Every structure is written in structure tokens, then in C-alpha cells.
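Q: no letters, just coordinates:
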């Protein structure tokens, strides 16, 4: 796997995947994109009603979403499971500047430990945040019935990995979510919205970050 470091418009770094010809985040701003999609439209609305959350992320990648979750909810009890088929090396991770940007200094050790910690086991990142990394393909994800409050669906785009954006995959997400649970993703393509609706989600299209008109928030109704 060939990846190359890039600097996005908000000065946060991302990576370019050579084989897929796609970046891990928006070139208009990696942190800006992730904050709007996953934190502002996913995490924060749920935190207003509860202080204990189970989150699952589809596509760990650079670990940016996990870092933003930790820093945005520092005293909320969070269990964070993430699925990743192709983990990045620590050499690549050390090239990223997320934990060196203003406001993230206190999370530098946590960010490094997220990547260096063992896979397939619960890791206490701090007193409030537990991480579990699962090395597998999203299609092999085993359903944990009605366990998760929130899903970050952050796989590579349906243009390059269409097999991950199907009703079959989303059905596993649906079964693993608690009633009232939320799934957020950056892709608002028609095939994605239709697959979510066919699964049973209530789909809402929301304004996107710079460079993207819309994102999607899908809810498993009670």
C-alpha cells in the first residue's frame, strides 16, 4: 500500500492512497471535514441526552475521528470500536500533525497509543475512553445486536470501493445499532442514500463541509 502525506487547506495533514487514487480526507481541510460530519452532526447531538456512548467507526485510517471524539467529549464515558482492514504503519502516523495543532496538545500521547496499542482487545486510552481495534474487512463485520449509539461510516468512497456501500453492509450496521441510533457519513450519492433507506434507516441530507454540498445522517427509528 502506497500512501503519501499531503497538507490540506486548514493546515491539517491527510494521506493520498496511491492504489485507490483517493485521499483519506477532503483536501479542503481534514479536521474541518471530520469535525462537521462526525462530531457536530453525530457525536455532539447524542451527548446532549446521554453521557455514555458506544461508537463504532468503519475505517480507522489515520485515527483522526477517534482523536476528535476523545477531545470533543473528554469526560464522557465512550466505548469506541473501529474496523480497519489495512492499518497504517507507525512511521506514517508519526508524519501526521493532528496532535501538534492548537487545542490538541494534551492528546498527543493518547493519539500515539491509539495507533500503537494491540488489536482485537479493549484498550483504556484514559479513564473515560476505551478503544477496541478490529482488523478486518467491513463485509466480515459480525453483528452485535443493538449495541451501538453512533456509527461513523468512513470507508473509502463508493467510487473506488462500491462493495462497502451496499444494503448488505448497512443491514449489519442497522442490526448493531440501538433504536434511535445514528449513522453519519460523508457520501450523499444516490446509491448510498437508497441503500440506507432500503435497509430501514430514516435518511437526512445535511449541508456539507467546504468542497462538499451535502453529507448524510441516517437514524434507526425507535
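A: Thanks, I have the structure now. All figures in this text were calculated on a predicted structure; none of them were measured in a lab.

Q: can you show me the helices along the chain?
A: Using DSSP state H, the helices assigned to the chain run over residues 30-34, 44-47, 64-72, 90-93, 108-116, 167-176, 190-199.

Q: looking at those, which is buried most?
A: Compared across the helices of the chain, helix 30-34 shows the largest average neighbour count, a mean of 24 (mean count of other C-beta atoms under 10 Å). Every residue, glycine included, has its C-beta placed from N, CA and C.

Q: check contacts around residue 58.
A: 82, 83, 138, 141, 151, 152, 153, 154, 155, 164, 173 (C-beta atoms under 8 Å, 6 or more residues apart in numbering).

Q: ok, back up a step: can the helices of the chain go into CSV with extra columns for distance to residue 206 and mean pLDDT?
A: Below are the helices of the chain laid out as CSV (distance: least, C-beta to C-beta, whole Å; pLDDT from 0 to 100):
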stretch, distance to residue 206, mean pLDDT
helix 30-34, 13, 97
helix 44-47, 11, 94
helix 64-72, 17, 97
helix 90-93, 30, 94
helix 108-116, 28, 95
helix 167-176, 18, 96
helix 190-199, 12, 98
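
Q: of those, which is nearest residue 5?
A: Among those, helix 90-93 comes nearest to residue 5, with 7.8 Å by C-beta to C-beta.

Q: in the biggest strand by length in the chain, what's buried?
A: Ranked by residue count, the top strand of the chain under DSSP state E comes out as strand 177-185. Under the neighbour-count criterion of 16 or more other C-beta atoms under 10 Å, strand 177-185 has 177, 181, 182, 183, 184, 185 buried.

Q: now it and helix 190-199, what's the angle there?
A: 170 degrees (axes from the mean of the first three to the mean of the last three C-alpha atoms, to 10 degrees).

Q: distance from the chain centre to strand 177-185, please.
A: Averaging C-alpha positions (C-alpha atoms, centre = their mean, to the nearest Å) puts strand 177-185 13 Å from its chain's average.

Q: what sits up against that strand?
A: So strand 177-185 is contacted by 37-38, 41-42, 45-46, 54, 146-154, 170, 173, 192, 196, 201, 215-222 (C-beta under 8 Å, 6+ apart).

Q: one more time with 6 Å
A: 37-38, 41-42, 146, 148-151, 153, 173, 216-220, 222 (C-beta atoms under 6 Å, 6 or more residues apart in numbering).

Q: and for stretch 90-104?
A: Residues contacting stretch 90-104 (C-beta under 6 Å, 6+ apart): 3, 5, 13, 62, 64, 67, 107, 108, 111, 115.
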